[in-house]
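Visitor: Starting from these lines, generate the structure:
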Amino acid sequence: MKIYFIRHADPWYPTDTLTEKGWREAGLLAPRVAKIFESENVRTVYCSPLGRARDTARTCLSPLGFDLDKEAVTYDWLREFPALMKMPDGQYRMPWDLLPSWWTAHEDLYDKDGWFRGPTMSLGGDVEEKYLEVARGIDGIAASCGYTRDGHFYRTEKGTRDTLLVFCHLGVMFVMLSRLLSMPTPVLWQNFFVAPSSVTLVSTEEVVPGEVAFRVKYLGDVSHLLAANEPPSDSGFFCECR
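Guide: Numbering: from 1, shown residues only. Coordinates of the predicted model:
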């Protein structure tokens, strides 16, 4: 099975849509999505309920005669990861936007099994609740294709060569990847970046029949932008101090 995770194009957050650049990016992404439909067996398209993801998906899918509102599966948990964590100073902030000097000093955030319920996240907030909701969601999608979680990997009686497309957001995408790869989410949140309209491909692998690993074949690919001389957006990336 293949899963393509597609981050929405360059966002205009005030109205939850795309910037002028974002519309260009979505238009450049559309032929790439069309090639996936032409060459692979696309089983299901999943999409966030938020406007910027839906605008991106609709731009890519409408030329194919695909009705996003009627044919795609929309889950509320595919929206950008909404959880907040309580900091030692009593303030609440997003758990995927932390200073490196601070979060790397908290060893529990490197625990793949319990980072979301360790002492750092236990001060307050709803990170555990929201993480488990997404984890159950992506496990449910895998199970619908015949892959059931067993500890830190997956099993299947009969694999599939089907392809899934997921139009979503940076933060929640890393939560899903961390679940599929059995990695602590903070490591992905803090150390990896995928640009708007980028494509990430995850594929199942069975070295032993029935024992399944999800492996990332490429992460945050923007070759469709580079081929058209469209510079990738840094939206969501905090540049170096000048």
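Visitor: Distance check, the most centrally placed residue in the chain against Y4.
Guide: Of all residues in the chain, the one closest to the mean position by C-alpha atoms, centre = their mean is M173, 1.5 Å from it. Per C-beta to C-beta, to the nearest Å, M173 is found 11 Å from Y4. All C-beta atoms are positioned from the backbone trio N, CA, C, and that covers glycine.
Visitor: Give me the common contacts of those two.
Guide: Common neighbours of M173 and Y4, using C-beta atoms under 8 Å, 6 or more residues apart in numbering, are 166, 200.
Visitor: sorry, back to before: downstream of whichever strand or helix holds the residue nearest to the centre of the chain, the next helix or strand is which one?
Guide: Using DSSP states H and E, M173 sits in helix 170-181. Later in the chain than helix 170-181, the nearest helix or strand by DSSP H and E is helix 185-191.
Visitor: For that following helix, what does the pLDDT average out to?
Guide: Average pLDDT, helix 185-191: 97.
Visitor: What residues of that helix count as buried?
Guide: Judged by neighbour count using 16 or more other C-beta atoms under 10 Å, the buried positions of helix 185-191 are 185-190.
Visitor: Packing partners of the helix holding M173?
Guide: Helices and strands touching helix 170-181, by 3 or more C-beta pairs under 8 Å, 6 or more residues apart in numbering; DSSP states H and E, are strand 2-7, helix 127-144, strand 163-168, helix 185-191, strand 199-208, strand 211-221.
Visitor: one more time with 7 Å, if that's ok
Guide: Judged by 3 or more C-beta pairs under 7 Å, 6 or more residues apart in numbering; DSSP states H and E, the packing partners of helix 170-181 are strand 2-7, helix 127-144, helix 185-191.
Visitor: following the longest one, which helix or strand shows up next?
Guide: In other words, helix 127-144. strand 148-150.
Visitor: cool, and the first one?
Guide: Downstream of strand 2-7, the next assigned helix or strand under DSSP H and E is strand 11-12.
Visitor: any residues touching that following strand, and which ones?
Guide: 18-19, 22, 52, 196, 235 (C-beta atoms under 7 Å, 6 or more residues apart in numbering).
Visitor: So which of the residues you listed sits lowest on pLDDT?
Guide: S235 (92).
Visitor: Might you report the residue contacts of L64?
Guide: Contacts for L64 were tallied using C-beta under 7 Å, 6+ apart; they are 34, 37.
Visitor: in terms of contact, does G125 touch Q91 like I think?
Guide: No - contact criterion C-beta atoms under 7 Å: G125 and Q91 do not qualify, at 10.7 Å.
Visitor: Show me which of the two is the more surrounded one.
Guide: Using other C-beta atoms under 10 Å as the criterion, G125 and Q91 rank with G125 on top: 18 against 9.
Visitor: Skipping its backbone neighbours, what lies nearest the more buried one in space?
Guide: Computed as C-beta to C-beta, 6 or more residues apart in numbering, the closest residue to G125 that is not its neighbour in sequence is M85, at 4.2 Å.
Visitor: What is the burial count for that neighbour?
Guide: As a burial measure, M85 scores 21 neighbours (other C-beta under 10 Å).
Visitor: Next, the angle helix 127-144 makes with the helix holding M173.
Guide: 60 degrees (axes from the mean of the first three to the mean of the last three C-alpha atoms, to 10 degrees).
Visitor: on that earlier part again, kindly reformat the contacts of strand 11-12 as JSON lines containing distance to G220 and neighbour count.
Guide: What follows is those, written out as JSON lines (distance: C-beta to C-beta, whole Å; neighbours: other C-beta atoms under 10 Å):
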{"residue": "L18", "distance to G220": "18", "neighbour count": "24"}
{"residue": "T19", "distance to G220": "19", "neighbour count": "17"}
{"residue": "G22", "distance to G220": "16", "neighbour count": "23"}
{"residue": "R52", "distance to G220": "17", "neighbour count": "26"}
{"residue": "P196", "distance to G220": "10", "neighbour count": "29"}
{"residue": "S235", "distance to G220": "13", "neighbour count": "18"}
